[in-house]
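Participant: Need a 3D model of the following:
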Amino acid sequence: MTLQRLVGILAVTALLAACSQAGGKAGRVDGERLSAASANGEWLAVGRTYDEQRYSPLDKINISNVKDLGLAWYYEFDTDRGQEATPVMVDGVLYTTTAWSKVFALDARTGALKWSYDPKVDGAKGFDACCDVVNRGV
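Facilitator: Numbering: from 1, shown residues only. Here you go, the predicted structure:
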């Protein structure tokens, strides 16, 4: 594993821990929990695993029932700018970012907004960006 990848994973872990619910173990993410996340379907880091496997071992959806899937919910963000973020899920909460580095926490079952954060990025900074003001995730 490269140092850059390790630093990225640690940064994601620290951010998720900071965004966690107060008290108890809910929302806490550490190396042990990242390793065990496969068992309950959580997606605690971008790429899901330390080696960014990007594969879910869950098997309830398969070739015989995929045709039965449908839209459970959607969330409409406050911008029509590009959306490139990979969400992560911790304790039933989806965390994602949108353009201008806004962060959203959504209930994974219902899509209800739990909280959001707008860092108030100066709109003039969009002219400095090479590829729009998109953000690729927490």
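Participant: Quick check: closest non-adjacent residue to Asp107.
Facilitator: Lys114 (6.0 Å; C-beta to C-beta, 6 or more residues apart in numbering). The way it works is simple: take the backbone N, C-alpha and C, and place the C-beta from them, glycine included.
Participant: Run a quick check on that neighbour versus Ala108, I expect a contact.
Facilitator: No - Lys114 is beyond contact range of Ala108, at 10.0 Å (criterion: C-beta atoms under 8 Å).
Participant: Spit out the residues that contact those two alike.
Facilitator: Val93 (C-beta atoms under 8 Å, 6 or more residues apart in numbering).
Participant: Which of the two has more residues huddled nearby?
Facilitator: Ala108 (20 against 15; other C-beta atoms under 10 Å).
Participant: Show the pLDDT at that one.
Facilitator: Per-residue pLDDT puts Ala108 at 93.
Participant: and what of Asp122?
Facilitator: pLDDT, Asp122: 85.
Participant: go on, Lys25?
Facilitator: 61.
Participant: for Ser56, same thing?
Facilitator: Value listed for Ser56 in the pLDDT field: 79.
Participant: Torsion angles phi and psi at the residue nearest to Asp107?
Facilitator: phi -90, psi -50 (degrees, to the nearest 10).
Participant: so who does it touch?
Facilitator: The contact partners of Lys114, taken as C-beta under 8 Å, 6+ apart, are 93, 105-107.
Participant: what's the most distant pair in the residues you listed?
Facilitator: Comparing every pair within the contacts of Lys114 by C-beta to C-beta identifies Ala105 and Asp107 as the most remote, at 8.3 Å.
Participant: So for the two, which residues contact both of them?
Facilitator: Contact with both Ala105 and Asp107 is made by residues 93-94, 113-114, according to C-beta under 8 Å, 6+ apart.
Participant: Looking at the residues you listed, state which has the most neighbours.
Facilitator: Ranked by neighbour count (other C-beta under 10 Å), these have Val93 at the top, with 21 neighbours.
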